[in-house]
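Q: with the sequence up front, the predicted model follows.
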Protein chains: 2
Amino acid sequence: MNYSIGIDLGGTDIKAGLLCEDGSLSCRMVVSTQVDEGAKPIATRIAETARKIINTVESDSEKNKKIIGIGIGAPGLIIANSGIIHFSPNFPGWTDIPLLDYVSTELDDIDLPLYIDNDVNVMILGELHHGAGIGYENVIALTLGTGVGGGVVINRQVYHGSWNTAGELGHTIVQPNGRKCGCGNFGCLEAYAGAKGIIERTQQRIAEDMKTSLNPDSLTPKQIANAANDGDELAVQIYSETGRYIGIALTSIAHILNPQIAIIGGGIAAAGESLLFQHIRREFKQRTMDIPSNMEIVPAKLGNQAGLVGAAMLAY
Amino acid sequence: MNYSIGIDLGGTDIKAGLLCEDGSLSCRMVVSTQVDEGAKPIATRIAETARKIINTVESDSEKNKKIIGIGIGAPGLIIANSGIIHFSPNFPGWTDIPLLDYVSTELDDIDLPLYIDNDVNVMILGELHHGAGIGYENVIALTLGTGVGGGVVINRQVYHGSWNTAGELGHTIVQPNGRKCGCGNFGCLEAYAGAKGIIERTQQRIAEDMKTSLNPDSLTPKQIANAANDGDELAVQIYSETGRYIGIALTSIAHILNPQIAIIGGGIAAAGESLLFQHIRREFKQRTMDIPSNMEIVPAKLGNQAGLVGAAMLAY
């Protein structure tokens, strides 16, 4: 069987694992990223982690495991084909860091190809091969978290666009004179369906004297979802509106790209069918033309494993 | 030199021409479509027109002209790879018409491959190879006419999507609770930047007592552009707003696809730089993130030749 190593580089932790071609993960380990030490020590830690997994495999009694490569997923704008982190919000001060070169230098005794892509592209790659995207050619994905990430797959390849910024689906405009987005624009999907947008929209309604069980000073999307499940009317409304904004963005995207399926993951998507997905689908169906409206809208399947699985899939 | 035959099938006329690989058109001819007679007689007329061009080339004193194929552009939803017109607003009652088969039967003594695609995809193909898109890999195009058509080119190939409906850029949402669009949705770009949208927005303002030299009962986008060029304030506003709506749509599209260039054609684009394009660019630049905002926004170059040139390019 073929195996590959996946590294999920985050601002807090470096997670790693060994992916079998059947989709199963093993040898999982976590080390602290220690962002303050800078890129080269982090590259060293990534290399050490990969080396530990390689050693584990080599010492394994089953000798038929073949490792074919190492893939890294990282947040930010990644120039995938040259292995460079152009910019990353989780690594302040990093500009055009040739991370793959650094890791490669540390592993120059080991003859394995190295790959990198951004965390959302990696998530979509995981879902494409071992999750909700199995069997589909043209796929889009949204990750609803602090921000709203996105990815575009065309003919089973992640599409990077002209300058590695394709798939910024969170910056589809859903309300042109709407809420200010972190990107500087107004009315992006992220400004409504990201954690900050959800929390601030809730706070605003509470300030407008809408009745609720929620405490405006300590809100998370999860608390709001819990309140909605307990019947809190404001919380229910906030999630149904979130669904409608996502549906609006998906209409534009379906008209532009005509994908077969939209995979929606991230912590906020955990709100599930009745709070969120039914509202996404209803808005999308109402707004989208006959044929592209056949796009399926489904939750991601791999959860927090998608980062590791997808990173490892870069090697395939 | 290689040549190909382009056919521009419209509801009124069938236009045809011979495209040289250097981009020059010759042998142009026009016959009446006569929609009422149905698909088979129209296929016969297309075949006869193509045959006339072939005969002209064969009787030509220069014997080194090689015709490599015939391409047809037609409005509507075209299943390009099977040669079927699924649906076309200009051909009432046509559903799943195998037009290429019909034409092919008429030309079965001639050994030339036949191709078909929709008029907007064909226009973008013309611009890509012989117009504003020369040298670009990833291109989007908008045609601003009665409707707002669109097309997407990825790696110099027209992208058709999963079910042949990719590139419906006119149905990018620019105002979710906005004007009703012909597609049934609300706030599509087409509802603002298509001819009907421009005329109705102007009429509405006149009804609101906005001063103007325009007569609300006989308006065309061209008249409004002329009035704007003569300094009519309402007309100037209508075009600058049109530009802003196009800019909003282009922001979403640039974040989703990260193209290098947007080519904008069609009669309404003739309003030009000061009335229209500067407003598109300003809105786009203000709203779009740093890297994707490097997308160029340019007018189409081929004008009403794009249909013929692009149809003929299908054969390449």
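A: Received the coordinates, thanks. Numbers count the residues shown, from 1 in each chain, chains lettered A, B, ... in the order given.

Q: CA only for contacts and neighbour counts going forward, please
A: Noted.

Q: and the helices in the stretch 201-316 of chain A?
A: Taking DSSP state H, counting those that start in this stretch as the test, the helices found in the stretch 201-316 of chain A are A:221-229, A:233-257, A:272, A:278-287, A:306-313.

Q: the stretch 51-200 of chain A too?
A: A:99-106, A:119-130, A:190-193, A:195-207.

Q: that older thread, looking at the helices of the stretch 201-316 of chain A, which is nearest to B:Thr56?
A: helix A:233-257 (41.1 Å; CA to CA).

Q: what mean pLDDT does that closest one get?
A: Across helix A:233-257, the average pLDDT comes to 98.

Q: surely A:Ile68 and A:Pro113 touch.
A: Yes. A:Ile68 lies in contact with A:Pro113 (CA atoms under 8 Å); the separation is 7.4 Å.

Q: neighbour count: these two, which is higher?
A: A:Ile68 (16 against 12; other CA atoms under 10 Å in any protein chain shown).

Q: tell me the pLDDT of the more buried one.
A: For A:Ile68, the model assigns a pLDDT of 96.

Q: that one and A:Asn2: what is the separation?
A: 7 Å (CA to CA, to the nearest Å).

Q: between A:Ile68 and A:Pro113, which contacts overlap?
A: By CA atoms under 8 Å, 6 or more residues apart in numbering or on different chains, A:Ile68 and A:Pro113 have these common neighbours: A:Ala315.

Q: how close does A:Lys222 sit to chain B?
A: 27 Å (CA to the nearest CA, to the nearest Å).

Q: what's the pLDDT at the closest residue to that residue other than its chain neighbours?
A: Spatially, and ignoring its direct neighbours in sequence, A:Lys222 is nearest to A:Ile268 (7.2 Å; CA to CA, 6 or more residues apart in numbering or on different chains). Note on A:Ile268: pLDDT of 96.

Q: my guess is A:Ile268 contacts A:Pro221, does it?
A: Yes. Using CA under 8 Å, A:Ile268 makes contact with A:Pro221 at a distance of 6.4 Å.

Q: what stretches of the stretch 1-150 of chain A score poorly on pLDDT?
A: A:61-63 (pLDDT under 70).

Q: tell me which parts of it are close to chain B?
A: A:Glu137, A:Asn138 (CA under 8 Å from any CA of the partner chain).

Q: give me the phi and psi for whichever residue of the stretch 1-150 of chain A sits closest to chain B.
A: For the stretch 1-150 of chain A and chain B, the shortest gap (CA to the nearest CA) falls at A:Asn138, measuring 6.6 Å. In terms of degrees, to the nearest 10, the main-chain angles of A:Asn138 are phi -120, psi 110.

Q: and the strands in chain A?
A: A:2-9, A:13-20, A:25-32, A:66-74, A:77-79, A:84-87, A:95-97, A:114-118, A:139-144, A:148-154, A:157-158, A:261-265, A:296-299 (DSSP state E).

Q: show me what the fourth one is packed against.
A: On a contact count with 3 or more CA pairs under 8 Å, 6 or more residues apart in numbering or on different chains; DSSP states H and E, strand A:66-74 meets strand A:2-9, strand A:114-118, helix A:119-130, helix A:306-313.

Q: which of those sits most buried?
A: Highest mean neighbour count among these (mean count of other CA atoms under 10 Å in any protein chain shown): helix A:306-313, with a mean of 31.

Q: tilt between it and helix A:119-130?
A: 80 degrees (axes from the mean of the first three to the mean of the last three CA atoms, to 10 degrees).

Q: report all helices and strands that helix A:306-313 contacts.
A: Secondary structure elements in contact with helix A:306-313, counted by 3+ CA pairs under 8 Å, 6+ apart, are strand A:2-9, strand A:13-20, strand A:66-74, helix A:119-130.
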